[in-house]
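Visitor: This is a predicted model, with the sequence first.
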Amino acid sequence: MRVLLAEDDPKLGKLIQYMLEQNEISVEWVKRGDEIFDYATYEEYDVLVLDWMMPGESGVAACKRLREHGYERAILILTARDTLEDRVSGLDAGADDYLVKPFEFAELLARLRALGRRSSQKIQQDVVQIGEFTLNRTAKVLKKGEAVIQLSPREFQIFDLLA
């Protein structure tokens, strides 16, 4: 598993990196929030672990920006911010999970394994645009422009698979 760790606290970052590497997880560590987007878009990671409060750009802002640009891999927010509003904001920004500091390392490891299992499954969008065609997976409808194309269930599955 490959993890991008964004943590500005040098002691905590070093500890997390060491512990993850002891569990055979490859870790790349950034100390500034404005590095998250570049690293995440140029390298493939199974999970991003983002601290909320980072210099440059917050982990939550980076998470939101990544999701707006179509980033589909797993993101975990790891932060001292523990109010309900904070958790909701982090998850609404696009995080898949949220863990509050201080935390038990065993729990972080378990959450990373769970997110890693899910990140290997590509997230599917409900509506996909392919040239002139619009595929709506929820409504099971294929349109060309505004015209609805009638497909059998099998034909829809095939078109969806090809999309």
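Guide: Perfect, thanks for sending it.
Visitor: ok, and for stretch 151-163, which residues are buried?
Guide: Within stretch 151-163, the residues scored as buried using 16 or more other CB atoms under 10 Å are 151, 156, 159. Bear in mind the C-beta positions are built from the backbone N, C-alpha and C, glycine included.
Visitor: Can you flag which of those belong to helices?
Guide: 156, 159 (DSSP state H).
Visitor: mind listing what D97 touches?
Guide: By CB atoms under 8 Å, 6 or more residues apart in numbering, the residues touching D97 are 74-77, 111, 114-115.
Visitor: Name only those of the residues you listed that count as buried.
Guide: Buried members of these, scored by 16+ other CB under 10 Å, are 74-77, 111, 115.
Visitor: Let's see which of those end up in helices.
Guide: Of the buried ones among the contacts of D97, the ones assigned to helices by DSSP H are 111, 115.
Visitor: Taking the contacts of D97, tell me the two that lie furthest apart.
Guide: Spanning the widest gap among the contacts of D97 are I77 and A114, at 14.8 Å by CB to CB.
Visitor: For the spatially closest residue to E44 that is not a sequence neighbour, give me its contacts.
Guide: Counting by CB to CB, 6 or more residues apart in numbering, R2 is the residue found nearest to E44 once chain neighbours are left out, at 6.8 Å. Shown in contact with R2 (CB under 8 Å, 6+ apart): 25-28, 43-46.
Visitor: Equivalent analysis for F133, please.
Guide: Neighbouring residues of F133 by CB under 8 Å, 6+ apart: 142-144.
Visitor: Now with 6 Å, please.
Guide: By CB atoms under 6 Å, 6 or more residues apart in numbering, the residues touching F133 are K144.
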